[in-house]
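Engineer: next one to model:
(chains A, B, C and D)
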2 protein chains.
Amino acid sequence: MVHTIKEIALRAGVSKSTVSRVISGKGYTSPEVREKVLQIIEELQYKPNAVARAMVSNRTYNVGVLIYRREHPIASHPFYGKILDSILTAASSMNYSVFVTTDHEMSLRSADFMFEKRVDGLILISRLQQNVIDYINNFQVPYLMVNGSTDVDDVIHIVNRDDEGGRKAAEYLTGLGHRRIFVLAGPQTHRSHSLRLKGFRQGLTLLDIALNPSSIAYPSTSTFDEGFRTMEREWEHFRQGGYTAIFATNDMIALGAMKCLLDRGVRIPEQAAVMGFDGVDYGAMFSPALTTIGVNMEEMGRQAFILLDKLIQQEPVTERNVEYEPQLIVRQSTEIHS
Amino acid sequence: MVHTIKEIALRAGVSKSTVSRVISGKGYTSPEVREKVLQIIEELQYKPNAVARAMVSNRTYNVGVLIYRREHPIASHPFYGKILDSILTAASSMNYSVFVTTDHEMSLRSADFMFEKRVDGLILISRLQQNVIDYINNFQVPYLMVNGSTDVDDVIHIVNRDDEGGRKAAEYLTGLGHRRIFVLAGPQTHRSHSLRLKGFRQGLTLLDIALNPSSIAYPSTSTFDEGFRTMEREWEHFRQGGYTAIFATNDMIALGAMKCLLDRGVRIPEQAAVMGFDGVDYGAMFSPALTTIGVNMEEMGRQAFILLDKLIQQEPVTERNVEYEPQLIVRQSTEIHS
DNA sequence: CTGAAAGCGCTTACAG
DNA sequence: CTGAAAGCGCTTACAG
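Structural biologist: Sure, this is the predicted structure:
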């Protein structure tokens, strides 16, 4: 059974105000009264009604995570799922709860939904357009973006230094002696894929290596299947091109491509080195384990939440953009002994 | 800005009751009044306050998902993440939101949390004990279990027919001619691992093949790493045992073991066939792709939600246990051409 | 140190 | 067909 403050008050022979005070710890109460009230609360297993509290305090301690992407699965997504997890963990440790929605058509419906729920704040993930931002701005709900797209300005944005990562990848691969590198570049409408490619190209340019357009293929989505299919399609071209390495702008594409090669009996890394970007769990599990540029997903999710909490509490937030430095993670797919 | 029903009423020159009626569609309103009110709502971008609604209706349209397990990550878990995803999808399509919590010490804290939030119902995942159930029963909140453990009775329980799956695995592997099969059996305190092993053993018995205790190793967790480590430990034993196949009671263990073998140059399936259980996404991506007994995670999550909704609506629910039939999925790790 | 009152934004009988 | 009133379970000034 679920009880109310009123019942507690009745049984303790005090007023509701008093009960409220002992629960909140604000205001004064005599030790005896407090003792008694506490005991009854314990006895009745009274759980304060968070809905009523939210109603009066105008604060729900709920935040919304909005993911804008076509495909549904979000929790089980190797990249976003990780970020989601660290958001959930951070939220829980700060006594917040989170609502998760994924919006397919970038409609305003899921934002509306969050507004109706009166969330204290919003975390926006993935690609989204100015009109959504404008809409959200209307409602004065604090929000920030994690790993979003570029075309939106003046938004607190937590990102990975993707161009830097691309450069690191180029540096590493060329350092191993690779000169003919085939690139699988995911959807260029996405900030991270485009920056990763850009950084990679820059890295090569520094060494006077040109990245020929024919050396780049563009999977239409950033999935394993598309990586696989694209590699299948490019197989003949790849084989005849004298390539010794592959760089993909994310791990899932790299894994898909790698499987395609493996299925064809290509030895990795001996005949072709393969490198991804993200640092998803599966990369390490694969055989051979995937070399990659690791993104600090946990920290990004955690920081996002901490920042959002500050915004909610109206604490001063100086940073507009928080950038994380990606790390090279060397594994079996590029070096034989490791 | 966010407005209230009061402001709408003011601007429309009607009472709050009337506004409420046009919004809810219950009760009568003259077309002209309705028109006017609707227009103002549109103009002001009024969003009804779900918190206030919940307060009066005693219904939040929020449900809680409680996961009881030691390790934190839940969203990114290859199995539970999938179930969670399908719960989220189902919830969203039925206009519910969900709070997700993972509880490490099987304390009652996260349940309390959900009660305070006044969720309409609860979905319990993974292993949990009688005392938690007893506690939850106290609060009259509808709940059900998905893929939980056995020792709890009289709970609506959505499960996979794990023993049946174990039998299918045995049948399939022996059908390929395997007689010496090495088994990696995950934590036997978990319902599914124990039933899968049991079913597998039964399957072998039907064919008069005994499953020698020395042919079973017990990874202490159901993770990739433990699968890997266990296989490493058992390597010598395995090699000398004349085994031609491995059956693991879940995919992640199978994958870990497979990677261990692959790293040692074992050819799969030629020298050793490997089979898992679950049907996680990664299994299909691996090279070689993993043969497995597929569990219908999407359907389990979806059904769980539909059932929970019925319980919440107090509709009659006849079934106590909902069982799903697992499916054999043949891939490269057991057969050369597929 | 404690209680009565008002109010948060809705919905729901009940009059009219 | 519409409005006034009460109430959902709390918190927060304000008296006393």
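Engineer: now do the contacts for A:Tyr218.
Structural biologist: Residues in contact with A:Tyr218 (C-beta atoms under 8 Å, 6 or more residues apart in numbering or on different chains) are A:184-188, A:230. Heads up, the C-betas are built off the backbone N, CA and C, glycines and all.
Engineer: would you mind giving both backbone torsions of it?
Structural biologist: Torsion angles at A:Tyr218 (phi, psi; degrees, to the nearest 10) stand at phi -120, psi 90.
Engineer: ok, of the contacts of A:Tyr218, which one's closest to DNA strand C?
Structural biologist: Nearest to DNA strand C, judged by C-beta to the nearest atom of the strand, of the contacts of A:Tyr218 is A:Pro187 at 39.9 Å.
Engineer: any idea how far DNA strand D is from A:Met297?
Structural biologist: Between A:Met297 and DNA strand D the distance is 36 Å, computed by C-beta to the nearest atom of the strand, to the nearest Å.
Engineer: in the helix or strand of chain A with the lowest mean pLDDT, what's buried?
Structural biologist: Across the helices and strands of chain A, mean pLDDT, DSSP states H and E gives its lowest value to helix A:130-138, namely a mean of 86. Buried positions in helix A:130-138, judged by neighbour count with 16 or more other C-beta atoms under 10 Å in any protein chain shown: A:132-133, A:136.
Engineer: count the residues that sit near A:Leu311.
Structural biologist: Counted by other C-beta atoms under 10 Å in any protein chain shown, the residues lying close to A:Leu311 total 18.
Engineer: just checking, it touches A:Leu144?
Structural biologist: Yes - proximity of A:Leu311 to A:Leu144 meets the contact threshold set by C-beta atoms under 8 Å, at 7.0 Å.
Engineer: find residues that contact each of these two.
Structural biologist: A:Ile156.
Engineer: next, count neighbours for A:Glu171.
Structural biologist: So A:Glu171, with other C-beta under 10 Å, has 16 neighbours.
Engineer: what's the answer for A:Ser149, then?
Structural biologist: Using other C-beta under 10 Å, the number of residues around A:Ser149 comes to 17.
Engineer: grab the nearest non-local neighbour of the residue most central in space within chain A.
Structural biologist: Centroid-nearest residue in chain A, with C-alpha atoms, centre = their mean: A:Ile83, separated by 3.5 Å. Leaving aside its sequence neighbours, A:Ile83 sits nearest to A:Gly301 (C-beta to C-beta, 6 or more residues apart in numbering or on different chains; 4.3 Å).
Engineer: measure the one you found to DNA strand C for me?
Structural biologist: Taking C-beta to the nearest atom of the strand, one finds A:Gly301 at 31 Å from DNA strand C.
Engineer: tell me which helix or strand that residue sits in.
Structural biologist: helix A:297-312 (DSSP states H and E).
Engineer: quick one on the thing from earlier: among the contacts of A:Tyr218, which ones are in strands?
Structural biologist: Among those, the members falling in strands (DSSP state E) are A:Leu184.
Engineer: now, of the contacts of A:Tyr218, which are buried?
Structural biologist: Neighbour counting by 16+ other C-beta under 10 Å classes A:184-187, A:230 among the contacts of A:Tyr218 as buried.
Engineer: what does the stretch 1-150 of chain A put close to DNA strand D?
Structural biologist: Selection of the stretch 1-150 of chain A residues close to DNA strand D by C-beta under 7 Å from any atom of the strand yields A:3-6, A:16-17, A:20-21, A:23-24, A:26-27, A:46, A:48-49, A:52-53, A:55-57.
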